[in-house]
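J.: give me a 3D structure for the following:
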Amino acid sequence: MPYSCAWIESSFRLESDALNAMSRHYAKIGTFLIICQPAAVMAQVDTSEWKCELCPFEVDYTAELQVGALSVSDSAARFGNATGLDDDGIKADLGGTGRFANETLQLRWTASNLALDSREFNLEVGRQGFYGLYLDYDELPYRRFDTTSTVYAYGAGNELVLPAAWVAAGNTAAMTALPAALVNQNIGADRQTISLGGHVSPANHFEIFADYRQHNRDGVDIVSGSNFSQASLLPRIVDYQTDTVNLGVRYANGPWNLALAWYGSFFENSSNSLSWENAFFDDSLTAGFESRQLALEPDNDFQQISLSGSFHVTALDTIIAFNAANGRGEQNEPLLPYTVNPNLTAGALPSASIDGQIDTSNYSITLTSKPLPGGRVKLGYRFDERDNQTPRDSWNRVIADTFLSGETELNTPYSFERARLNASGEYRLRENLRVSAGYERSDVDRDFQEVAEQSEDRGWGRVRWRPMPWLALSAKGGAAKREIDRYNENVAVNFGQNPLLRKYNLAHRYREFGEFSLSAAPSEWPVSATITALFADDSYSKSRVGLTDSKNTHFSIDFSWAVSEKASVYLIGGRETIDADQLGSAQF
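T.: Numbers count the residues shown, from 1 in each chain. All right, here's what the predicted structure looks like:
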């Protein structure tokens, strides 16, 4: 008699009478039930009432709503930082999730903390393989201090003004109006972020994507304002906005994956300066020193275009990945005058704006291969360049709106080129024993610094052994040598420094280092522990003044204990010792 067989997902709930109507020719494999029946019997089985409990796609709309209340006993800025629970009282706890799906549409949303300043909302909608859209919104409260006071009030044009009855003096002890003038000023800010974007697949192997994000930050922060011999901590209004855009197209076909994208970031500050009345003003000083002014973060933008991709050579089990990106950052906001003191004649600015421009280049290529069953090699090269095209001008020096220094200074547009080459390999000697080694080379070229060219070679080796399933040991050691072409003492002299000084990050250095770790996590015990020891010995043998030798040792232990499913205890301890020698100079 001919038989007919059917694959039935085990997630289907089959009623007992339906099973009895079949013969006993069935078998369970994985999550499927294979049922074999005579063809005539199979034709008589009615499957219309069979129900799917774990189908991959839900059809219809489901939602879960969360409604509750939170009670905060006392107001505290630190407790409300990032939570929005900085004020005492009863707070609503609102949130939920929801989803909808059918053959052509999938939708999902989540929400949390809707009644607090830490609220979040997310919405995703799309169709698999065709398009997808998303919308995100979240707020993050930053609460720094709620017990601070100030004597300043906000005037027009982001100006801080003193009370009308203020009595200026050379120190706070002589400011008789200070106690009565203090008013409470909370220090904190709120950040709002909205993101939206999506992707669409207009043709096979192609995908177009677009993402937009806007950050807004508003509140009050603290900034230090100099009065030459004194300084004031000032309450500064913060009102930022940053817009970022990412547009591009992806291509994926067989071993190829490519992406061409444009990225833009645009920053706007509602105020380009902060001015304040000098609380330390002394009537014995010459008039004109009553006010101060400082510049705030200027508007700026950055744009970049990039091409990235990968290619999989299946026959050689090798992946080649690359990335190339070029960008430009610009800042051209009007500059503030040298001083707001009318009694100082500092002259005209050499230019109305700095006309800042920085060009960036980033190129990288990586090759990862498995030439042997137990081996893997990786080669990589990366080049980064920061080319600061900002013009150089000669600027007069004005000290804290108080007096002219009589000197001029050139602005320094720092630039650099950095290239890195690395090669590493790993081989599995045994199932529980692996050895690896690597070599790295870096070259750096700089402008306007004591060392124009610098290179470093670094080699290392590592052994990893797992003698038991719950015990792992790792040991790593190596050496690195940093060379410089020459130390330009004229640059140090121009900075007013000792020409014999060698800065430790720019000096010749030979380093030996080692690392050891031991991890244990017995499966029969609810505990785990990790012990780590690090050692580094640095020698600056060519430095005549400055750091000449440094030894750094670090030991740490990390212990955790899962007391129950809902509670755990952990202990982290460490000790670090730095022993450094340096040579000084009593005079040049």
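J.: what sits against Thr532?
T.: The contact partners of Thr532, taken as C-beta atoms under 8 Å, 6 or more residues apart in numbering, are 515-517, 554-558. C-beta: built from backbone N, CA, C; applies to glycine.
J.: the residue lying closest to Glu456 once chain neighbours are set aside sits in which helix or strand?
T.: Leaving aside its chain neighbours, Glu456 sits nearest to Arg482 (4.2 Å; criterion: C-beta to C-beta, 6 or more residues apart in numbering). In this structure, Arg482 sits in strand 471-484 according to DSSP states H and E.
J.: for that strand, C-alpha coordinates in CSV please.
T.: What follows is the C-alpha trace of strand 471-484 in CSV, where atoms were taken according to Å, rounded to 0.1, in the frame of the first residue of the first chain:
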residue,chain,number,x,y,z
LEU,A,471,40.5,26.4,34.8
ALA,A,472,42.3,28.7,32.3
LEU,A,473,45.8,30.2,32.4
SER,A,474,47.3,32.8,30.1
ALA,A,475,50.8,34.2,30.0
LYS,A,476,52.0,37.0,27.7
GLY,A,477,55.3,38.8,27.3
GLY,A,478,57.2,41.0,24.9
ALA,A,479,59.2,44.1,24.3
ALA,A,480,58.9,47.4,22.5
LYS,A,481,61.4,50.0,21.3
ARG,A,482,60.6,53.6,20.4
GLU,A,483,63.0,55.6,18.3
ILE,A,484,63.0,59.3,17.4
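J.: and that strand, what does it pack onto?
T.: Taking 3 or more C-beta pairs under 8 Å, 6 or more residues apart in numbering; DSSP states H and E as contact, the helices and strands that strand 471-484 lies on are strand 453-468, strand 509-520.
J.: give me the buried entries from the contacts of Thr532.
T.: For the contacts of Thr532, a neighbour count by 16 or more other C-beta atoms under 10 Å gives the buried set as 515, 517.
J.: hmm, back to that, how about the helices and strands packed on strand 471-484 in a markdown table, adding mean pLDDT and distance to Leu349?
T.: What follows is the helices and strands packed on strand 471-484, written out as a markdown table (pLDDT from 0 to 100; distance: least, C-beta to C-beta, whole Å):
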| stretch | mean pLDDT | distance to Leu349 |
| --- | --- | --- |
| strand 453-468 | 97 | 35 |
| strand 509-520 | 97 | 42 |
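J.: make sure Arg78 is indeed in a helix.
T.: Yes - secondary structure assignment (DSSP: H, G, I helix; E, B strand; the rest coil) places Arg78 inside a helix.
J.: any idea how far Arg143 is from it?
T.: 7 Å (C-beta to C-beta, to the nearest Å).
J.: more neighbours: those two, which one.
T.: Between Arg78 and Arg143, counted using other C-beta atoms under 10 Å, Arg143 has the larger neighbour count: 23 against 12.
J.: got the contact list for the more buried one?
T.: By C-beta under 8 Å, 6+ apart, the residues touching Arg143 are 77-78, 80-81, 86, 186, 188.
J.: list only buried entries from the residues you listed.
T.: When neighbours are counted using 16+ other C-beta under 10 Å, those contain these buried positions: 77, 80-81, 86, 188.
J.: and which of the residues you listed is nearest Trp166?
T.: The shortest distance between Trp166 and any of the buried ones among the contacts of Arg143, using C-beta to C-beta, involves Gly188 and amounts to 26.3 Å.
J.: so what's the gap between the helix or strand hosting the closest one and the chain middle?
T.: The secondary structure element spanning Gly188 is strand 187-200 (assigned by DSSP H and E). The offset between the C-alpha centroid of strand 187-200 and the centroid of the whole chain comes to 16 Å, using C-alpha atoms, centre = their mean, to the nearest Å.
J.: from Phe513, how far off is Asn552?
T.: Taking C-beta to C-beta as the measure, Asn552 and Phe513 are separated by 9 Å.
J.: common neighbours of the two, please.
T.: Counting by C-beta under 8 Å, 6+ apart, the residues touching both Asn552 and Phe513 are 534-537.
J.: restricted to helices, list the residues you listed.
T.: Secondary structure of those is defined by DSSP state H; no position falls in helices.
J.: of those, closest to Pro298?
T.: Ala536 (40.5 Å).
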